[in-house]
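> Just need the structure, nothing else, for what follows:
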Amino acid sequence: MNYEVNSGYCNICDKVVPASYESRDGKMYLRKECARCGVTETLLSSDIERYQKKQEFGKGTFPPSEPRVVVVEVTNTCNLSCPTCMSNMGRESAKFDPPLEYFDRLFRSLSQRKPPPHIELFGGEPTTRDDLPAIIALGFQYGLHVCVCTNGVRLADEEYCRQLLSTGAGIHFQFDGMDSCTYRLLRGNEDLLEKKLTALGNTSKYVQTPISIFCTLARGINDKALTDIIEFCRQRRKVVGALYLIPLARTWDNGEVQFAWREEERLTVEDVENLVAEKFSGIEFLPAGSMDVPVPFRELLRPFAAFRGASPSCESIAFLISTENGYVPASEFLKTSFYELAEDLKKKASRNNSDDPKKKDDESARTFWGKILISLWYGSLIRKHVKLDRVFSEKGLKKYLGMLRLVLNIRSREKRRRIFEEITGKKSIFRLVVLPYQDRFQHQSQCVERCPVAVGFLDPENDSVRTIPLCSWRRHRSEILSKMSRPGA
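Predicted coordinates:
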């Protein structure tokens, strides 16, 4: 298999050097050739079969012209001091807390992009800003979808939790499992677990839309607890709609963590997929960026739309279905493989990208009869791939009427969820996403250049909005924020 040559960072001197891919012993490595230090390499995948399958599926996928997700740092203040922090918190002398006018200009500019990106408020810890609800309101004012990425500590205050969730913003909640030792090693604070459980309890009282759990996985620390973490989410499935699994990346200097780190033992994307597969036999992970989703399904399959264009080496996604006996892989409800269903959806999406307006779903999906015609087409697709008797609790004509109702309301999250539970006997869909962060050892220019996730900011040098790919941001962050910051501790 041929892989394009790109660049990376030398493991020793950290200079940009030519890089290539090398497959051996069932693994994939990033090989870097430095004129000064010689050859160094980094493990990219420990399962070449899974890796190559996703590469093949992703052939022909074009990178996005604009970021689909824009991360916005609202502060560099944090109420924790995690030694594994990807933002390098606690090492900056200048304080960054831009005024509301900054976000007004930033959101106004981003809202004019086609399509407008999803906004993720980041930090630091966003909840340390008392005016966070006002920042969220500004995003909504410009028609943007807004999420808050939080460690959850302030949500342990029930009144604050109520106020934050009343804004309607999505919540990405950082949670690494149910062992206090995990938090001591990864977050530097073993007392965090109790606060996070209290925060999740408060969230369950006031949540409007299911939250997403973001979990960092580290070999030898909490990787074997993954099954328990998934079950934890299942027991709270009315509150938790997705689990994002982040393989621990090397973002610290020597001596800053209390655990041993061996580069050759780092968890890769495929390692995480295999950990899930140990519990859920037959589960299939697709490269999230390689899936072109037809218009009517974009709300349902939002993660595919958000990551569209990303390298097949990056984010991957799978689905679990809740049953009376727990979660089972979505593949148990399919006549074909998940990949075959995805291929048919990609074909339909490419047809929809035709210049012929008669072939587009965008406008027809807005009319009643257009929805009926689209429902008939997707109905045939569903019958081809889905075991209807396993999915739907109703039989005969009621089953098909229920399927029609579902497709007709596919764009409405609340209606879709209610109808799906009604016609399937309280089943629900749970998303599993493997979300890698490329540290300097794994950094690959060909992945970063097509990344649909970027950090957005107002450039102080030319007073314009700029974006930098998320995995490259750490290299520029301190310099850029210092130019925009006021002096202070």
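> CA atoms for contacts and neighbours, from now on please.
Fine.
> What mean pLDDT does the helix or strand where residue 55 lies get?
If you go by DSSP states H and E, residue 55 is part of helix 48-57. If you average the pLDDT over helix 48-57, you get 94.
> Show me what the helix or strand following that helix pairs with in its sheet, parallel or antiparallel.
Remark: after helix 48-57, the chain's next helix or strand is strand 69-73, criterion DSSP H and E. Partners of strand 69-73 in the sheet, by DSSP bridges, are strand 118-122 (parallel), strand 453-459 (parallel).
> and for the first one, what are the contacting residues?
If you take Cα atoms under 8 Å, 6 or more residues apart in numbering as the criterion, strand 118-122 is touched by 68-75, 139, 144-150, 306.
> Of these, select the buried ones using a ChimeraX command.
A single ChimeraX command is used to select the members of those judged buried by 16 or more other Cα atoms under 10 Å:
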select :68,69,70,71,72,73,74,75,139,144,145,146,147,148,149,150,306
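> Among the strands paired with strand 69-73, show me which one is buried the most.
strand 118-122 (a mean of 24; mean count of other Cα atoms under 10 Å).
> Quick one: name whatever helix or strand follows that strand.
Heading C-terminal from strand 118-122 (DSSP H and E), you reach helix 132-141.
> ok, and what's touching that next one?
Residues contacting helix 132-141 (Cα under 8 Å, 6+ apart): 100, 103, 104, 107, 119, 126, 145, 146, 164, 167, 169.
> just checking, what packs against the strand or helix carrying residue 196?
Per DSSP H and E, residue 196 falls inside helix 192-206. With contacts defined as 3 or more Cα pairs under 8 Å, 6 or more residues apart in numbering; DSSP states H and E, helix 192-206 has these neighbours: helix 158-165, helix 180-186.
> on that earlier part again, buried subset of the contacts of helix 132-141?
103, 107, 119, 126, 145, 146, 164, 167, 169.
> What is the nearest of those residues to residue 288?
Closest approach between the buried ones among the contacts of helix 132-141 and residue 288, by Cα to Cα: residue 119, at 18.5 Å.
> Tell me the bridge partners for the closest one.
Bridge pairing for residue 119 - DSSP bridges - gives residue 70, residue 146.
> Confirm residue 212 sits in a strand?
Yes: when DSSP: H, G, I helix; E, B strand; the rest coil is applied, residue 212 is found to be in a strand.
> Which strand or helix spans residue 104?
helix 100-111.
> actually residue 471, not the one I typed
Using DSSP H and E, residue 471 sits in helix 470-484.
> Which elements pack onto that helix?
strand 453-459.
> quick one: contacts of the strand it packs on?
Around strand 453-459, the neighbours that count as contacts under Cα under 8 Å, 6+ apart are 67-73, 102, 106, 307, 464-470, 473, 480.
> make it 7 Å
Defining contact as Cα atoms under 7 Å, 6 or more residues apart in numbering, one finds that strand 453-459 is touched by 67-72, 106, 464-470, 473.
> go on, stretch 177-191?
Residues contacting stretch 177-191 (Cα under 7 Å, 6+ apart): 81, 82, 83, 84, 192, 193, 221, 222, 229, 258, 259.
> Report the lowest-confidence entry in these.
residue 258 (80).
> Count the neighbours of it for me.
Look at residue 258: counted by other Cα atoms under 10 Å, it has 11 neighbours.
> Roughly how far does it sit from residue 462?
42 Å (Cα to Cα, to the nearest Å).
> Low-confidence regions, the stretch 251-400 of the chain specifically.
Low-confidence segments of the stretch 251-400 of the chain (pLDDT under 70): 293-304, 349-379, 393-395, 399-400.
> Repeat the analysis, applying 50 as the threshold.
354-364 (pLDDT under 50).
> what about the helices in it?
Taking DSSP state H, counting those that start in this stretch as the test, the helices found in the stretch 251-400 of the chain are 269-279, 302-307, 338-352, 361-364, 368-385, 388-391, 396-408.
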